Structure formats: structure tokens, C-alpha cells
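In: One predicted model, sequence on top.
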Amino acid sequence: CGLIEGSMVPEQDIRDLRDLTRYRSKMVQAVTAEKNRIHKILQDANIKLTTFMSDLYGVSGRGLLQKIMDGEVVDEVTVKNLVKTRLKKKVPQLLDALNGKLRRHHREMIRDHWDHLVYLEKRITELEARIEAKAEPYLERIEQIDSIPGIERTSAVTIFAEVGPHVAEMFPSDAQFASWAGVCPGNNESAGKRRKSKTMQGNKHLKGALCQAAWANARSSNRIGQFFRRIRKRRGDKKANVATAHLLIRILHALMREKRSYQEIDVSLGDETSKKNPL
């Protein structure tokens, strides 16, 4: 009777691309978990490298970890040859950080996690090549999504894999699109009174990518960043994040409908609603 609308089921190529992007997200989460496990073992051995290194898994950090796993004696000359850039000025501090109680058990555990980490990174590289091959016929649409501030290439491919190329046909309005994504306000109204309610359940993969893009705009000077800070003043960080994700999904719907890239406008979103405290 047409009372229940059908689910959004894209064509087979988009479904295959969606499987690959979702699997990549799981692989990235597994990489983060292995890094955290290595960090926990180093803390247990009283090795405080992260106190002086912002990225333990950069070129310098990986070189030091390799020496630790091999059980070699690390002296000042060795550390100075391994570290790069500004870390060369922190060689004495790094030597103090390496002066812990590292046992053989710690080295073996780090080696196990390290081997799995290297394997995962290799598999992610191979998976990204397959994703790029699948996404090649839709490069124009992906570039349109990538033009939105806060959305980088990987997130653009993930968002496209979730929504597909026919957004305007499947979702006539941006309100329906936002509801399907799960970034619109919840509806809890009774006897004319509206109560607090959580956002609706939607596509969690799309919602996660949009919320990540919203956080990326938190300090930007564009109108999306201004919108985030204006909401944050009244409602806090989390509600501002979801509200900005709602704004991004509406922008995305307009771009996919009109088939064009994002263009920044000069009008501040806070000027019309807050004359006393303009952003």
C-alpha cells in the first residue's frame, strides 16, 4: 500500500566498496589497539618515552622500539643516530626515559604485538589499493564530498560508500537524509511539551565520519567552525559536535543534489542570531 518505505539499498559496486571501507575501519581500530598494548607494556617496564616523544610510532620511535625488542644496550651515540629533527636535542632525556626495568617477558610481548602491528599495517595498505580501484569510477562525486571542510580523502570515500551516488533520488529532503544518518534531534513530545531526547539511531558508520569531520572544524575560521563554537557556548562540546554533523549532512545533501563542490560563503552564521557576541 506504500505505507512503509523501502530501505536504502545501493547497487552492488557501492555495497562492495562499503564492505571494504568498513573492514578498513576495523583494521585501523586493531592497529590502535596494538599500539596501546605496546604502550602499556612500556609503562609497566617504567620506560617513559612518550613523555618526550609526541609520536612513539614515527621514524625515531620505531627505531628505538626495535633496539628495545632486540635487547641491545642503548647509549647516547646510538640514540643520537636513531632520532630525527628536534629530538636530537632531547637525547639526555630519552636516555633517562629508557632507563627502566625491562625484562625478557616485556621484550617478547612487545615483539608479539609489533609483528601483528606490522602485519596489520601491510594489510591496510593492500586494502586501500583495492578501495581506490573500486572508487575510481566515482572520483568526481568523491572529490565533491572531499571539498567540504574537515573531510579528508579517506573520510570522503567512507561517506560515499555509505550514501552512494543517488542521494537526491533516495532522500527527497535533507531532513530525511539527516534522520537516516542518525544526526537529527530525537522526537519526544507529549501533550505539547517537548522533553529531552537522544539522537535517533541511524547509520553509525556515516555518523562516525560526520562527527569526526565536525571535530576537525572546531577551531577553523570557516562558517562551519563558527557554527560549532556558537552552539558550544550554549550546549557544550558533544551537542555542538552532533549539531555540526547535522549541518554537514545537510551540506552534503545539497552538494550531491546539485552535483557541485563546496563553496565558502562570507556571511557569519552567528551574526543573525547573536548581535551582542559575534564570533
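Out: Yep, that arrived. Numbering: from 1, shown residues only.

In: how about the residue nearest the centre of the chain, what does it touch?
Out: The geometric centre of the chain, computed from its C-alpha atoms, lies nearest to Q212 (CA atoms, centre = their mean), at 4.9 Å. Contacts for Q212 were tallied using CB atoms under 8 Å, 6 or more residues apart in numbering; they are S155. Yep, even glycine has a C-beta here, placed from its N, CA and C like the rest.

In: What's the per-residue pLDDT of it here?
Out: At Q212, the predicted lDDT confidence score is 93.

In: One more: C1?
Out: Note for C1: predicted pLDDT of 74.

In: tell me the contacts of it?
Out: Applying CB under 8 Å, 6+ apart as the definition, C1 turns out to have no contact partners.

In: let's have the chain start at 51 instead
Out: In the new count, where the first residue is 51, that last one comes out as C51.

In: if I look at it, how far off is M220?
Out: With distances taken as CB to CB, to the nearest Å, C51 is found 20 Å from M220.

In: how about low-confidence regions in this protein?
Out: When the per-residue scores of the chain are filtered using pLDDT under 70, the ranges that remain are 316-329.

In: where along it do the helices fall?
Out: Listed in chain order, the helices of the chain (DSSP state H) span residues 62-94, 109-120, 126-132, 141-148, 154-185, 189-196, 203-213, 217-220, 224-231, 254-266, 273-285, 287-308.

In: Buried residues of the fourth one, list them for me.
Out: Meaning helix 141-148. Neighbour-count burial for helix 141-148, counted by 16 or more other CB atoms under 10 Å, picks out 141, 144, 147-148.

In: Closest one of those residues to W230?
Out: Within the buried residues of helix 141-148, the smallest distance to W230 is 49.2 Å, found for A147 (CB to CB).

In: Am I right that the closest one is in contact with A95?
Out: No. Counting by CB atoms under 8 Å, A147 sits too far from A95 to count as a contact (11.1 Å).

In: Now do R157: how many residues are near it, please.
Out: Around R157 there are 16 other residues, counting by other CB atoms under 10 Å.

In: Now do the contacts for L148.
Out: With contacts taken as CB under 8 Å, 6+ apart, L148 has the following neighbours: 97, 99, 114, 118, 124, 129.

In: Save those residues as JSON lines, and put in neighbour count and distance to D165 too.
Out: Putting those into JSON lines (neighbours: other CB atoms under 10 Å; distance: CB to CB, whole Å) gives the following:
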{"residue": "I97", "neighbour count": "21", "distance to D165": "19"}
{"residue": "L99", "neighbour count": "20", "distance to D165": "20"}
{"residue": "L114", "neighbour count": "22", "distance to D165": "17"}
{"residue": "I118", "neighbour count": "24", "distance to D165": "14"}
{"residue": "V124", "neighbour count": "16", "distance to D165": "21"}
{"residue": "V129", "neighbour count": "22", "distance to D165": "24"}
